[in-house]
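> Here's my sequence, what's the structure:
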Amino acid sequence: MDKDNDEVTQQEEEEKKPSLEEENEKLKDDLARERADYYNYRQRAIKERQETRKRAQEDIITAILPVLDNLDRALDAANTEDAKNILKGVEMVQRQFVNVLENLGVSVIKAEGEVFDPAQHDAAGTEQVKDPELDGKVITQRLKGYRTKDRVLRPAQVTVGKIN
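Model prediction:
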């Protein structure tokens with residue numbers, strides 16, 4: 001009877017063998033499809049990120065172009081008008097530019113009179129001060145700094161007070 005059982009078991013194994021091979025091939029095909037789908041997804045995501053960056057740059061350029069137009073007008077006026085009107089025009093362009101930056105979420109970093117903060121200020125030098133309240137504070141701002149809500153775009157270049 002053991003011989004009959006061995007033959008039945010062997011026969012069952014022989015019958016299962018093709019179905020396991022078919023299942024293995026199916027799993028390999030499924031895996032290959034999933035890998036291809038994932039690769040295509042990654043490529044599509046990279047392309048979408050590049051397109052988003054490109055659109056953002058175009059939006060910024062479009063917002064800045066009117067400022068450039070007004071600078072061109074101010075330069076044209078330099079040939080025909082007096083210095084006071086040119087100065088007034090340039091001041092208007094500067095305000096317009098600041099408004100564009102504010103609309104983009106950019107703000108000026110406060111510097112003069114503030115306590116020196118290395119995360120927002122770049123110490124370009126120190127200045128000797130006699131007043132102890134000015135020790136460690138920004139005395140002068142050499143170059144304005146700018147930030148967004150999340151990060152510093154450019155730190156303000158400052159001179160820091162240092163007591164003798």
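> pretty sure Lys144 contacts Val106?
No - here Lys144 lies out of contact with Val106, judged by CB atoms under 8 Å, at a distance of 11.0 Å. Glycine gets a C-beta too; all of them are placed from N, C-alpha and C.
> May I ask you to name the longest helix in the protein?
helix 2-77 (DSSP state H).
> pLDDT of it, averaged?
In this model, helix 2-77 carries a mean pLDDT of 84.
> Quick check: next helix or strand after that helix?
helix 83-103 (DSSP states H and E).
> separation between the residue lying closest to Val67 once chain neighbours are set aside and Leu71?
Excluding the flanking residues, the one nearest Val67 by CB to CB, 6 or more residues apart in numbering is Phe97, at 4.8 Å. Separation of Phe97 from Leu71 (CB to CB, to the nearest Å) stands at 9 Å.
> Same question for Glu23.
Where Leu71 is concerned, Glu23 sits at a distance of 71 Å (CB to CB).
> and if you look at Val115?
Val115 sits 36 Å away from Leu71, going by CB to CB.
> Between these two, which has more neighbouring residues?
Using other CB atoms under 10 Å, the more surrounded residue of Val115 and Leu71 is Leu71, with 16 against 10.
> count of residues packed around the residue nearest to Val67?
Neighbours of Phe97 under the rule other CB under 10 Å: 17.
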